[in-house]
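**Q** here is a sequence with its predicted model. Questions after.
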Amino acid sequence: MTRDHFTNPPPAGQKDGTGGISVEAGIMEMYTRMQTKRLKIFKNQDKLLQELRMYHRKDGKIVAINDDVISAMRYAVMSLRKARVKDYQPAYIQADTEFNVFA
């Protein structure tokens, strides 16, 4: 959940929120990420795979019927620009040599 209404990334030099809500931009970003192996879909994602098989165009426009999971994934991919990574300390893993059953 975000505070602001979703928009695509804006063109370079423009302020955030001016990117529009074009479906084409999100679909092309997803397609590019799939080709470069930065977006992977696992076999157990039955609903998503079913929607992808049915996804099509009519008269050059994407038919937006039964595409709820695809749309959610498109929003997530296009929102990556707002994602932040927290610094975290990895858990300390005890070496086998330090393990003592009798301690």
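**A** Yep, that arrived.
**Q** what strand or helix carries the residue most central in space within the chain?
**A** Closest residue to the average C-alpha location of the chain: Val77 at 3.1 Å, with C-alpha atoms, centre = their mean. Following DSSP states H and E, one finds Val77 within helix 68-78.
**Q** can you count the residues close to the residue lying closest to Gly19 once chain neighbours are set aside?
**A** Of all residues not flanking Gly19 in the chain, Asn8 sits nearest, at 3.7 Å (C-beta to C-beta, 6 or more residues apart in numbering). All C-beta atoms are positioned from the backbone trio N, CA, C, and that covers glycine. Summarising burial for Asn8: neighbours were counted as other C-beta atoms under 10 Å, giving 21.
**Q** my guess is Asn8 contacts Val77, does it?
**A** No: using C-beta atoms under 8 Å, Asn8 is not in contact with Val77, being 10.4 Å away.
**Q** hey, what's in contact with both of those two?
**A** By C-beta atoms under 8 Å, 6 or more residues apart in numbering, Asn8 and Val77 have these common neighbours: Gly26.
**Q** where along this protein do the strands fall?
**A** Counting by DSSP state E, one finds strands in the chain at the ranges 57-58, 61-62.
**Q** tell me the strands beside the first one, with direction?
**A** According to DSSP bridges, strand 57-58 has the following sheet partners: strand 61-62 (antiparallel).
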